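[1] Coordinates for the following, if possible.
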Amino acid sequence: MSINLLEADVVFEPSLGLRREVMAGTLEGHRLPPSVSNVRLSLKDVHIKRHGELGRAEVQVVTVVTDGISQEPIQLFSEVFENVQKWSHLPLGEGGVTLYRTDAQQIPAFLDYRILLTELDEDIRSVGNLLDAVRQDEQFAAARQALLAAAAVAAPPAALISASSDLVMNLVARVLKANKDDQMLLVRGSFDNAFDGLGTKYGTITKGNRQAAVTYQAEAVEAS
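    As a prediction, the model looks like this:
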C-alpha cells in the first residue's frame, strides 16, 4: 500500500518544549562547551520489521540534514540495500553511517534532519540518480542560496532551516512517487544548541513504527 511520502511517522523535536521551560526559568539550558570542535550525526542501525514483498525487498535510505551555516548547508545521503529480509537489520557497517558533520570550528545554533526509508517498487536504480535530480532542481538551488545568504549576515533562523529541509524532502518525495516507491518510515527531528547541545545530551535515539525503526546519535567531538 502506498503511503503519503510527505507525512512524518515520527516527530522528535524536544528543544521546542525545552525552550519553553528555559524561558520560564524552570530548566537550565544545555549548550555545548567551547572545547567541542565539531558535532557528528550518525545512523547507527536500521531495523526492518516488515515489508510488502513475500520474500526479500529492496530498501532505500534517504536523509536530509540542514544546519544553515556549512559550506553545504543542506547535506544529503542515500543508499539502497538489496535482498532485505523481514525482521532484519541493514548492513550499515561498524559504527554506522555518518550523515552529517559540522565544518571545522563551526557549531550551528540549530540542526534539522529527516530520515526516510522506502521500499523500492522497481529493480535497483542508481542512488546517484535520486540525489542528482534533487541537487539539480531549481528549488534546491534557491533554498541553498537563501541559507548561504542568511548565514553571511547571521545564523539563519530555525524556521528557514526547517523549511529548507521540508522543501528538499518534497523534491525527494516527487521522485520516489514517480517511481511508485512506498514509504516505510519517515522521522522528522531537530536539535538546538542552546537547549539540548544539538542532541548530544540524548545518547542513542531509536524511533520507529510497525514497519521499521532507526537508531541514530548526535555526538560531540572535543578539540585535540
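[2] mind listing the helices for this protein?
    14-24, 127-135, 138-151, 158-178, 193-196 (DSSP state H).
[3] Which strands or helices does the lowest-mean-pLDDT helix or strand in the chain pack on?
    Lowest on mean pLDDT, DSSP states H and E among the helices and strands of the chain sits helix 14-24, with a mean of 73. Counting contacts by 3 or more C-beta pairs under 8 Å, 6 or more residues apart in numbering; DSSP states H and E, helix 14-24 packs against strand 182-192, helix 193-196. Just so you know, the C-beta spots here come from the backbone N, C-alpha and C atoms, and that holds for glycine as well.
[4] Report the backbone C-alpha coordinates of it in PDB.
    In PDB, the C-alpha atoms belonging to helix 14-24 read as follows (Å, rounded to 0.1, in the frame of the first residue of the first chain):
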ATOM      1  CA  PRO A  14      12.500  18.000  22.100                       C
ATOM      2  CA  SER A  15      14.100  21.500  22.000                       C
ATOM      3  CA  LEU A  16      10.600  23.100  21.400                       C
ATOM      4  CA  GLY A  17       9.500  22.000  24.900                       C
ATOM      5  CA  LEU A  18      12.900  22.700  26.400                       C
ATOM      6  CA  ARG A  19      12.800  26.200  25.000                       C
ATOM      7  CA  ARG A  20       9.600  26.900  26.900                       C
ATOM      8  CA  GLU A  21      11.000  25.600  30.100                       C
ATOM      9  CA  VAL A  22      14.200  27.500  29.900                       C
ATOM     10  CA  MET A  23      12.400  30.700  29.100                       C
ATOM     11  CA  ALA A  24      10.100  30.100  32.100                       C
END
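[5] residues in contact with stretch 199-210?
    9-10, 12, 14, 30, 32, 39, 41, 44-45, 47, 49-50, 111, 185, 187, 189, 191, 196, 213-220 (C-beta atoms under 8 Å, 6 or more residues apart in numbering).
[6] Distance to Leu76 for the helices of the chain - can I get that in JSON lines?
    As requested, the helices of the chain are exported to JSON lines (distance: least, C-beta to C-beta, whole Å):
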{"stretch": "helix 14-24", "distance to Leu76": "23"}
{"stretch": "helix 127-135", "distance to Leu76": "5"}
{"stretch": "helix 138-151", "distance to Leu76": "9"}
{"stretch": "helix 158-178", "distance to Leu76": "7"}
{"stretch": "helix 193-196", "distance to Leu76": "22"}
